[in-house]
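[1] Next input, structure requested:
(one chain, ligands or ions: 1)
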Amino acid sequence: MRIILFGSPGVGKGTQAKILSGNLNIPHISTGDILRSAFDKKTQLGIEAKKLMDKGELVPDNIMIGIIRDTLQEEKCKNGFILDGFPRTTAQAEELEELLNELNINQKKIIDITADEEEIIQRLTNRRACKVCNRIFVLFEIEGRNTCPSCGAKDSFYQRSDDKEEVIRKRLEVFNNTTKPVLNYYEKNNKVIYVNGIGSIEEITQRILEKVE
Ligand code: AMP
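    This is a model prediction of the structure:
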């Protein structure tokens, strides 16, 4: 199964993509995680990308398209994948369409997770992640703890540098102006599956599974 998980920053794409990846046994491809990992390895790409990410801006299309071209051709993506954070511009969506044609992939599911903007700002400012297993938590879930409930790593919680309120507002502006039109692009030729992103993590996973299976 090929899934494109669409939705605003903070709507829960990453959390759901990780769970679905386990349930459906297909890899979770997060372009944000790929960029953060490039930065951790101190590659030139990672260092340049981080400057844009910290301002809430997008990394240029040609770089992102190159990353996705390489990744989707890897053996692990042969039987399916979940794309999280790509495409974010109409140009990326067009290039992805071309790549999927080249790879003879003609079935994909586009899922749009929805939630209102104030809820999203709340979630993002209260979000923490484990730097070892990448699991995302809400602040209250880990208050007073110094080991990750998911992987057991010690002192591994951090707040993403782009989860500060002013950067969040910029990311939402970029989403509304540049990324939302991607949905119009898909609505023209595909069935978009809409999923309400308000509720518990388990409820939302259930809603998605009911619609894709
Ligand atoms: P995410 O983890 O998906 O929220 O992505 C974090 C940041 O990485 C974004 O705010 C962008 O700066 C950058 N990024 C991730 N995916 C893309 C993409 N497809 N196109 C451009 N920039 C991206």
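
[2] what separates the residue in the chain sticking out farthest from the centre from residue 194, distance-wise?
    The centre of the chain is farthest from one residue, residue 144, which by Cα atoms, centre = their mean lies 27.9 Å away. For residue 144, the distance to residue 194 (Cβ to Cβ, to the nearest Å) stands at 38 Å. Placement of C-beta: from N, CA and C, glycine included.

[3] Could you do residue 133 as well?
    30 Å.

[4] Wait, residue 52 touches residue 59, no?
    Yes. In this structure, residue 52 is within contact of residue 59 by Cβ atoms under 8 Å, at 5.4 Å.

[5] Who has more neighbours out of these two?
    Between residue 52 and residue 59, residue 59 has the larger neighbour count (other Cβ atoms under 10 Å), namely 19 against 15.

[6] Could you measure from the residue nearest to residue 117 when sequence neighbours are not counted over to residue 92?
    In space, and not counting its chain neighbours, residue 117 is closest to residue 172: 6.3 Å by Cβ to Cβ, 6 or more residues apart in numbering. Separation of residue 172 from residue 92 (Cβ to Cβ): 19 Å.

[7] out of these two, which sits in the busier spot?
    Neighbours were counted for residue 172 and for residue 92 using other Cβ under 10 Å; residue 92 has more, 22 against 19.

[8] Buried ones in stretch 153-162, by neighbour count?
    Neighbour-count burial for stretch 153-162 flags 156, 157, 160, 162 (criterion: 16 or more other Cβ atoms under 10 Å).

[9] Keep only the residues you listed that also lie close to the ligand.
    residue 162 (Cβ under 6 Å from any ligand atom).

[10] Same list, the buried residues of stretch 153-162, but as TSV with pLDDT please.
    Shown next, in TSV, are these (pLDDT from 0 to 100):
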residue	pLDDT
156	96
157	96
160	89
162	90
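
[11] farthest pair in the buried residues of stretch 153-162?
    Spatial extent of the buried residues of stretch 153-162 (Cβ to Cβ) is set by the pair 156 and 162 at 18.6 Å.
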